[in-house]
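1. pasted the sequence and its predicted model underneath.
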Amino acid sequence: MRCPYCGSLDTQVKDSRPTEDSSAIRRRRVCPDCGGRFTTFERVQLRELYVVKRNGKRAPFDRDKLARSIEVALRKRPVEQDRVERLISGVVRQLESQGEGEVTSEEIGALVMEGLKALDDIAYVRFASVYRNFTEAKEFGALIDELTEDRLDEENAQDGTGDGG
Ligand SMILES: [Zn+2]
């Protein structure tokens, strides 16, 4: 595994153990060249998954990207990492077990929303707002008002990033 810091190919595994739900193996690695430490996960992949975007283009499904979007929605929310991991794994398993190995971004969004709804109201609304791209902002406006008070404004003020997708 290449070192993400210096690019050395000579990294060593220091520790290797299953995650809490045993769905993955977590390996702690260290790079002897720069001393950098990082973690990798080994997971079951039932099948190759492709995402069909709205413009019809196919792209390989990216679990990390899904995890990041969920983490953004859950930022500063009191939800345990294990539950987040279970949500992500559950979504991926559902995607893997349906269709022909192709899923639409709508299907992914719908599954994540279902999962977040059960996990955390505010994360759900945040994700829903981004996922629906604010085109249905009115529909969610009432929900957001109800659940978040001024929390979302603070968040938005702090990170006005957004990579344009
Ligand atoms: Zn290194």
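-> The structure has been received and is ready for your questions.

2. now the helix or strand harbouring residue 118: mean pLDDT?
-> Secondary structure from DSSP states H and E places residue 118 in helix 105-119. Helix 105-119 carries an average pLDDT of 87.

3. let me know the next secondary structure element after it.
-> Sequence-wise, the next helix or strand downstream of helix 105-119 (DSSP H and E) is helix 121-131.

4. what angle do helix 105-119 and that next one make with each other?
-> 170 degrees (axes from the mean of the first three to the mean of the last three Cα atoms, to 10 degrees).

5. so how far is helix 121-131 off the chain centroid?
-> Put simply, helix 121-131 sits 13 Å off its chain's centre (Cα atoms, centre = their mean, to the nearest Å).

6. and residue 101, what is it in contact with?
-> 47, 48, 49, 50 (Cβ atoms under 8 Å, 6 or more residues apart in numbering). Glycine gets a C-beta too; all of them are placed from N, C-alpha and C.

7. try 10 Å this time
-> With contact set as Cβ atoms under 10 Å, 6 or more residues apart in numbering, residue 101 has these partners: 46, 47, 48, 49, 50, 61, 95.

8. most surrounded residue in those residues?
-> The residue in the contacts of residue 101 with the most neighbours, by other Cβ atoms under 10 Å, is residue 95 (22 neighbours).

9. measure that one to the ion for me?
-> As judged by Cβ to the ion, to the nearest Å, residue 95 and the ion stand 34 Å apart.
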